[in-house]
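Undergrad: Make a model of this:
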Amino acid sequence: MKQRPRIYYTETQKAMMWDRWQKGDSLQQIAQLFDRNYSSIGRILSESGGIRPAQRQRSRLALTMAEREEISRSIVTGHSIRSIAEKLGRAPSTVSREIKRYGDRQNYRANQAVVRHGNVHIDLSPVNW
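TA: So this is what the prediction gives:
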């Protein structure tokens, strides 16, 4: 039997699997949609014990992309950490930590901070073998 190449399902495909599973479709029926074996679908559904995982959400306390952009622009224009914090309505320590965590005053870039921090979801989890 020829083995198919491994497929990595997108979040949209996984959501479709969960929708069909909750409607009562069998693993075989769901697998037919993706032209895959039912065990491939079963692996996805069993990773969370057969219960749809909660949708990931960023903490409301985390800096947003807009706030990070404001920090980046303010650094370039020479504003102090305290003035940036006041403008954002955040503590100076929050702004200071953000700058130190993702560069320094000369190297801070909002887009790099967003990708590294996770506001833009990039799956960095290890591959399941």
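
Undergrad: any idea how this structure splits into domains?
TA: Domain assignment for the chain, taken from automatic domain parsing, gives 11-46, 65-117.

Undergrad: so which of the ones you listed gets nearest Arg56?
TA: With CB to CB, the closest approach to Arg56 among the domains of the chain belongs to domain 11-46: 9.6 Å. (C-beta placed from N, C-alpha, C; glycine too.)

Undergrad: Quick check: mean pLDDT of the closest one?
TA: Across domain 11-46, pLDDT averages out at 92.

Undergrad: Rebuild the domains of the chain as JSON lines, extending it with distance to Gln57 and mean neighbour count.
TA: Listed next are the domains of the chain as JSON lines, based on distance: least, CB to CB, whole Å; neighbours: other CB atoms under 10 Å:
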{"stretch": "domain 11-46", "distance to Gln57": "14", "mean neighbour count": "14"}
{"stretch": "domain 65-117", "distance to Gln57": "14", "mean neighbour count": "15"}
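
Undergrad: Can you say which of these is nearest to Arg58?
TA: When the domains of the chain are compared by CB to CB, domain 65-117 sits nearest Arg58, at 8.9 Å.

Undergrad: circling back to that earlier point, could I get the domains of the chain as CSV with distance to Gln3?
TA: Shown next, in CSV, are the domains of the chain (distance: least, CB to CB, whole Å):
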stretch, distance to Gln3
domain 11-46, 10
domain 65-117, 34
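
Undergrad: Ok, which of the ones you listed comes nearest Ser59?
TA: Comparing the domains of the chain against Ser59 with CB to CB, the closest turns out to be domain 65-117 (10.9 Å).

Undergrad: which other helices and strands contact the host helix or strand of Gln28?
TA: Here Gln28, judged by DSSP states H and E, is contained in helix 27-33. Packing contacts for helix 27-33, counted by 3 or more CB pairs under 8 Å, 6 or more residues apart in numbering; DSSP states H and E, involve helix 11-22, helix 38-46.

Undergrad: And the ones you listed: which comes nearest Tyr108?
TA: Across the helices and strands packed on helix 27-33, the minimum distance to Tyr108, taken as CB to CB, is reached by helix 11-22, at 29.6 Å.
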